[in-house]
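K.L.:
I would like the atomic coordinates for the input below:
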Amino acid sequence: MCLFSERTNFISDMVSGAATFGAHGHFVLVPLACRCVLRRAALPARGGWSPQSVGSAPPHVTFWSRAADDDLVVEGVGPLLERLSAQAFVGRDEPDALVLGLESGCGATHMVDIALGQLHCRRFLAAARNKLWWMTPEWGRRGGELPPETQFLLLELGTRGPYAVLLPLIDNSVFRATLRRSPEGDGDDVVLRIESGDEAVRGDRWASALLAAAGPDPFALVERAVTRAAALSGGARPLRDKQLPEILDMFGWCTWDAFYSNVSARGLHEGVRSLVDGGVPPGFLIIDDGWQCTDVDEPLRQAPMQPPKALRMPETEETAEEFVGAELEMLAMGAKSIPPSSTLGVALEALSVDGETPEHHLPKGSAIHESDELPWNKGRKTRRSRPGQGQMHSSNGSGGPGGAGEGAEGEAASSGLHDEAGARADGAQSNAAGPRQPGSAEADSGKVLVKTDGSASTGVTAQQGVLVPARTEVAATPVKSHPRVAMWLVSAVAQRFGGLLFGLLEMTLVKFYQYVVDPAPPGSWPVRLFARLARGPLKQMLLEFYAASGDFTRRLTSIRANAKFSAPDAGPEDYFSGRSDNLGAVVASLRATFGLRHIYCWHGLSAYWSGVAPEEPGMAAYQARLVYAQPTAGLAEIEPSMAWNPSVVSGVGVVADVRKLYSDMHSYLSSSGITGVKVDCQAGVGLIGSRLGGGPAVAARYHAALEDSIARHFPNNAMINCMCHSTENLYRMQHTAVARASDDFYPRDPTSSHPHIAACAYNTLFLSAILHPDWDMFHSKHPAAELHAAARAVSGAAVYVSDLPGAHDFALLRRMVLPDGSVLRARLPGRPTRDSLFSDVLRDRRALLKVWNVNACSGCVGVFNLQGAAWDRRRRQFVQHDARPPALEATEGLPVQLDVGCAAVVTLAPVMELGGVAFAAVGTPGMLNAGGAVLRCSLAPAPGDAAGSGICAEVAARGVGELVMLASARPASIELDGAPVGFTYDAVQSRLSVELPPQAPLDHTLLVSF
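P.N.:
Numbers count the residues shown, from 1 in each chain. Alright, predicted model coming up:
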């Protein structure tokens, strides 16, 4: 066995004896042999069952009849489900699986729990929803350990197999099934729940409730079974038949964790420029939440959390922001200690990041913002000022009680910009009055135009100014009298003191919620009490809280972009400017300046978090109406806060014809140069379905309309599905190919990184039969950045970051991204190795996670020590359960030892032999996925009169830097792209190295002559 090891932050090893190779030297994964032969039974509809052999059919489960009880049996192993429910029957005759149907036994119902039987296995791996949006893996040995909302169950029946899989189905596009433990919560009993999601939709017999299959290879078994389950449940086609979007093979940048919803056109340019300057140019950009026109409902459009009447002073209008600012300061102080991944943490995300990260948009004078390559600097001697520079032209702004500060007129004259007092600085869109349609009477009323000459005008046609609120005063504002100043100061102090008190009260309620309500078990008195209060006396306060703290109660008010995208240099301060959107110009500028190949935009499956605004005149054509959702019993069990979710308390604006909405939105985006979309908050249809015929039925309509629109407007299947981990969504994705594999990357939650990577790997096992999983963005400059980078390298997924402009680890990024912005992507979805499938890699203090994948000519395995933190289903958040997790070592095969939070990437390459010469092309050890650089490798007799032994190796490679090969003898010569090239050879390690040039082209051909 030849071994080469390059150890820096990660390990890249080539082990030639670890695999079996075909005649042409291609890498082949050989699963462990399984001699267990299973037989499928030919079964009548009910009763008198006995096993029968069905020709040479592949291994299957079978029914077996005993004196009184029926069993689901893996022949030659034993029962899989013992004492099968009398309500079960054979629903469908499938060639590769057994499909069970169920009868309610209690008449027509919208939901029923049926005890299936006692589960028998050595170990299991389950994928179960832990939130409305997401699912996580769980491991166990008994039915009593099965979590609610289990959608995938893989069973190990003996040491090294065989294996079985149980997949709950969606019957007749209406009734969704899930697995769970029995109500007693112990023993081996397994329950199957089947429900429509709408109390008005009932049934008493379901022909396709559960699919069961068995086989010797877990990967082949899962792919075969999930493909069939998807076809039965919603029509999703196999991944092998879908077109993959082009962004998978290029580096990208997403705006979310950089800007949150404060994203703007200027921020896009600064973010991309920052990466380009570092030598890692992105090929695609995702404009996440924050580009759309949205608003809260009319009663909530005033300043959030208005002060009590007793605190209002004569100068209240001018000092109201002191109250709001102090209130939000107190809320933000309380929000910082809340786990970002918890329900409350997600709701307060915009507040909790305030002041914790650098300003989202770069300050005047920064190298990136001053770059001559940015469009607003080209050909200019002067430049528009940044927000916050100079004095505000507002009586309640930084000019103080005297109105505009000294020099305000000069600033207005030189810049033509204003600093909007109401603009949010905490990363979320402002919750005061939202943007109206540019050019409308409502948009233009109450506004004056500040011209570049400093004068004011009520017209709105001039090109040289921007719209500002009518209360804005220009430099000619008279100075207030001393009594007026005193009253202003008294009012400001009183407002701030009142805001602090009110914020303190809110923070106290938040802490009560955090420590009493949020961790309370489903159905407990704190949950019941808060649910009752949320629907009664606390409803208005809760709505105001949602409006003040985030975007979840906002609704779409226009299909067009907001004013932050009115020009390439538009920033957050332009949100209220009234300027018309010009997304097309922004996109054209990004393409022309940076050569971006793809630009995606974010939107929700319901358009926005709370749908479409029914009362908005510009959206009247969509005939939206408010639907107040009711969470299913299963959702209320895994996430009790669903009882006061914004969709429940505030409602969702549901349109009459979702096809028209998608068509109009996507037509606008496509005409603006957008090439794809990321569609988020998809599992929310399970909530609104509670009033519209059930989640499965509504999901079918929405996904059909969405995929039709994608096919018409975005060629190359350019879409990412997100927040979609309910089977009512997953099984409906007939044509779209990419879906997020796990909950978000939470940069501020140190306990989330380990379970994030584990969830990506294990969920991929389930998803990869029908979808190419997306492992999410990450920060390159982060305590867990190297761990995330190693995971992305073996994931086979898109590689993209969400770095703040200027906050990058370029050394790490250059180990993943080539100079032209492409990546060395492994060719399959990365999945756990067989020996990792049933080990709790987060909690057992023993197991390393190993993720396998293949390249064109090699294999790779990522090894991770993820012990110490996991998702806690009782507390409903990521927790660190082990303060001192151990270093772990893999002793079988290639030894690898890792401290907690560390990773290794192992490359396996085939060794070819011919005429006494052994040769292997390993790859570029400077890259995390070293083997991805080798595109083709062959060993053959040399043509013509070649000198030496007459053996020649030909290697097609892509990349830069050192290319490592192994050779049993020193070559006579090496040619790179037809020209002789120098090389180094270490006879002791059999290591052969050639330097690939750093400049384009990156594709090369080497001829190694022996």
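
K.L.:
which strands or helices does the top helix by length along the chain pack on?
P.N.:
Ranked by number of residues, the top helix in the chain under DSSP state H is helix 482-512. Packed against helix 482-512, as judged by 3 or more C-beta pairs under 8 Å, 6 or more residues apart in numbering; DSSP states H and E, are the following elements: helix 316-335. From N, CA and C alone the C-beta is placed, and that goes for glycine too.

K.L.:
keeping just the C-alphas, turn stretch 107-118 into CSV.
P.N.:
Taking Å, rounded to 0.1, in the frame of the first residue of the first chain, the C-alpha atoms of stretch 107-118 are listed here in CSV:
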residue,chain,number,x,y,z
GLY,A,107,-65.1,6.2,10.8
ALA,A,108,-64.2,9.3,8.7
THR,A,109,-61.6,11.5,10.4
HIS,A,110,-59.1,14.2,9.6
MET,A,111,-56.4,12.6,11.7
VAL,A,112,-55.9,9.2,13.3
ASP,A,113,-53.0,7.5,15.1
ILE,A,114,-52.7,3.7,14.4
ALA,A,115,-50.4,1.5,16.4
LEU,A,116,-48.5,-0.4,13.6
GLY,A,117,-46.8,-3.0,15.8
GLN,A,118,-43.5,-3.6,17.6
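
K.L.:
in it, what counts as buried?
P.N.:
Within stretch 107-118, the residues that count as buried by 16 or more other C-beta atoms under 10 Å are H110, M111, V112, I114, A115, L116, G117, Q118.

K.L.:
which ones are touching the last one?
P.N.:
For Q118, the contact set (C-beta atoms under 8 Å, 6 or more residues apart in numbering) comprises P79, L81, E82, R83, G143, G187, D188, D189, V190.

K.L.:
now do the contacts for the residue lying closest to R597 once chain neighbours are set aside.
P.N.:
Spatial nearest neighbour of R597, excluding adjacent residues (C-beta to C-beta, 6 or more residues apart in numbering): G283 at 4.9 Å. By C-beta under 8 Å, 6+ apart, G283 lies in contact with I247, M250, F251, G252, L596, R597, H598, G821, S822.

K.L.:
which element is V861 on?
P.N.:
Taking DSSP states H and E as the definition, one finds V861 inside strand 859-864.

K.L.:
what pairs with the helix or strand that comes right after that strand, parallel or antiparallel?
P.N.:
Where DSSP H and E defines the elements, the next helix or strand beyond strand 859-864 is strand 869-872. Strand 869-872 has the following sheet partners, assigned by DSSP bridges: strand 877-880 (antiparallel).

K.L.:
where's A942 relative to A115, distance?
P.N.:
In this view, A942 and A115 are 71 Å apart by C-beta to C-beta, to the nearest Å.

K.L.:
also V226?
P.N.:
The gap separating V226 from A115 is 25 Å, by C-beta to C-beta.

K.L.:
again with K511
P.N.:
The value you get for K511 to A115, if C-beta to C-beta is used, is 41 Å.

K.L.:
show me the helices in the stretch 901-1010 of the chain, by range?
P.N.:
Assigned by DSSP state H, counting those that start in this stretch, the stretch 901-1010 of the chain shows no helices.

K.L.:
what segments of the stretch 551-700 of the chain are helices?
P.N.:
Using DSSP H, counting those that start in this stretch, helices in the stretch 551-700 of the chain cover 583-594, 633-638, 646-649, 658-671, 685-688, 695-713.

K.L.:
in the first one, which of the residues would be classed as buried?
P.N.:
Spelled out, it's helix 583-594. For helix 583-594, a neighbour-count test (16+ other C-beta under 10 Å) marks L583, G584, A585, V586, V587, S589, L590, T593, F594 as buried.

K.L.:
now pLDDT and distance to E889 too, for those residues, in a markdown table please.
P.N.:
Listed next are the buried residues of helix 583-594 as a markdown table, based on pLDDT from 0 to 100; distance: C-beta to C-beta, whole Å:
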| residue | pLDDT | distance to E889 |
| --- | --- | --- |
| L583 | 98 | 53 |
| G584 | 97 | 56 |
| A585 | 97 | 57 |
| V586 | 98 | 52 |
| V587 | 98 | 51 |
| S589 | 98 | 52 |
| L590 | 98 | 47 |
| T593 | 97 | 49 |
| F594 | 97 | 45 |
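
K.L.:
out of the residues you listed, which one sits closest to A700?
P.N.:
Using C-beta to C-beta, the shortest approach to A700 within the buried residues of helix 583-594 belongs to L583, at 31.3 Å.

K.L.:
who are the neighbours in contact with that closest one?
P.N.:
L583 neighbours (C-beta under 8 Å, 6+ apart): W291, R560, A561, F565, L669, S672, G673, I674.

K.L.:
out of those residues, which is nearest to T751?
P.N.:
Closest to T751, out of all of the contacts of L583 and judged by C-beta to C-beta, is W291, at 31.1 Å.

K.L.:
now the closest one: how far from A563?
P.N.:
Here the criterion is C-beta to C-beta. By it, W291 lies 11 Å from A563.

K.L.:
what is the neighbour count of A918?
P.N.:
Residues lying near A918 (other C-beta atoms under 10 Å) number 16.

K.L.:
what count of nearby residues applies to the closest residue to it other than its chain neighbours?
P.N.:
Nearest residue to A918, sequence neighbours excluded (C-beta to C-beta, 6+ apart): S968, at 4.0 Å. Using other C-beta under 10 Å, S968 has 15 neighbouring residues.

K.L.:
quick one: S968 and A987, what's the gap?
P.N.:
Relative to A987, S968 is positioned 10 Å away (C-beta to C-beta).

K.L.:
what's the distance between H598 and R129?
P.N.:
Distance from H598 to R129, by C-beta to C-beta: 31 Å.

K.L.:
just give me how far the longest helix of the chain sits from the chain centre.
P.N.:
Relative to its chain's centre, helix 482-512 lies at 39 Å (C-alpha atoms, centre = their mean, to the nearest Å).

K.L.:
helix or strand right after that helix?
P.N.:
Downstream of helix 482-512, the next assigned helix or strand under DSSP H and E is helix 525-535.

K.L.:
let me see the residues that make contact with stretch 874-883.
P.N.:
Contacts of stretch 874-883 (C-beta under 8 Å, 6+ apart): 130, 339, 341-343, 345, 518-519, 521, 638-639, 746, 749-752, 755, 843, 845, 867-872.

K.L.:
and the longest strand anywhere in the chain, what does it pack against?
P.N.:
Longest strand of the chain, by residue count under DSSP state E: strand 205-215. Applying 3+ C-beta pairs under 8 Å, 6+ apart, one finds that strand 205-215 makes contact with strand 88-93, strand 98-103, strand 163-168, strand 170-171, strand 175-181, strand 189-195, helix 218-233.

K.L.:
can you put the ones you listed in TSV and add mean neighbour count and mean pLDDT?
P.N.:
TSV is the format used below for the helices and strands packed on strand 205-215 (neighbours: other C-beta atoms under 10 Å; pLDDT from 0 to 100):
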stretch	mean neighbour count	mean pLDDT
strand 88-93	18	84
strand 98-103	22	94
strand 163-168	27	97
strand 170-171	26	96
strand 175-181	25	97
strand 189-195	23	96
helix 218-233	22	97
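
K.L.:
alright, calling it a day.
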